[in-house]
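> how does the following fold in three dimensions:
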Amino acid sequence: HYVPTTREALYDAALTYLLKDAVQQPDCLYLLPPVAELKHLLGSLALWMQDCGVIAAPVEQVHACLQPEVERLNARFGDAYRADALCTHLVAGGSVLCQQGGAYLFTHNSFRDYLIGEQLLKEVGVEPTRAAKMAVQLGDGWWDEAFLFFAIRADGLWFTRFFKALMESPHSELLDEAARGLLLRMVERADPPVTYLRDKLRDRRTNRVRQLLLLECLQVVGSVQAYQAAQEFIRHHRRADSEVLRKAAEVVIRQTSHRKIH
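Numbers count the residues shown, from 1 in each chain. Here you go, the predicted model:
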């Protein structure tokens, strides 16, 4: 009787339902950990496969990938789970993980993308290099859907951490149209706080390419704070590049028009 109202809520509900069904199978009692732990294990596996650039991975490698997580699970719950047994029971359920020949893969790529997005949220917070890796991967179609799931679930702190890594990376000056479009879609979904965007924009060390990118993002945010940041930039950077000033004016005009309409 539950109808999800967003895409990410749909995937969360679907995975919870499918994994709960697997856990509650009579032959799986005491053989599978709680659903939340299963999601975490599968998220670790999904991100590991994504980093490896594969949609299917050899059985032995998957067991080796999951075993450290399983050992932490055992230490937490005082159980004796094994990676190979967990995978066997999940495959038997046939809902999220399946086996073809000597390899495991997810039953649907969108399940994998959702789990990767969730895992990226966790890693950006604890793994110092993950945000920098994401900055370089922006625009690589292999990561697009996972990044969108990440953005829509990220709070202001985690999204700002990613955005800061992007602005500090040379890759931010090389984004093609597709990569810029993806970034703007991420900004639209994340609705990040304007503070970092504003401060980076008014930093005189920020070059023209990054200024334009920041202003595009502020335009997508479209809040009063975004309008004020663009207005402040125009007021204090009158000698800036003419294209950058035009883009800043677009942000101001758009917000002004929006306020008049409403």
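> ok, for Phe162, nearest residue in space, not its chain neighbours?
Closest residue to Phe162 apart from its sequence neighbours, by CB to CB, 6 or more residues apart in numbering: Ala131 at 4.9 Å. Using the backbone N, CA and C atoms, a C-beta is placed for each residue, glycine as well.
> just the element for that neighbour, please.
For Ala131, the host element (DSSP states H and E) is helix 130-137.
> which elements pack onto that helix?
Helices and strands touching helix 130-137, by 3 or more CB pairs under 8 Å, 6 or more residues apart in numbering; DSSP states H and E, are helix 109-126, helix 144-153, helix 156-168.
> show me the contact partners of stretch 168-184.
132, 135-136, 138-139, 141, 144, 147-148, 166, 207, 209-210, 213, 216-217, 220 (CB atoms under 8 Å, 6 or more residues apart in numbering).
> what comes up buried for it?
By 16 or more other CB atoms under 10 Å, the buried positions in stretch 168-184 come out as 169, 171-172, 175, 179-180, 182-184.
> return the per-residue confidence for Ser257.
According to the prediction, Ser257 has pLDDT 57.
> tell me the gap between the host helix or strand of Leu182 and the middle of its chain.
Assigned by DSSP H and E, Leu182 belongs to helix 177-190. Put simply, helix 177-190 sits 12 Å off its chain's centre (CA atoms, centre = their mean, to the nearest Å).
> just the buried positions in the very next helix or strand once past that helix, please.
Next along the chain after helix 177-190, taking DSSP H and E as the criterion, comes helix 194-202. Within helix 194-202, the residues that qualify as buried are 194, 196-198, 200-201, counting by 16+ other CB under 10 Å.
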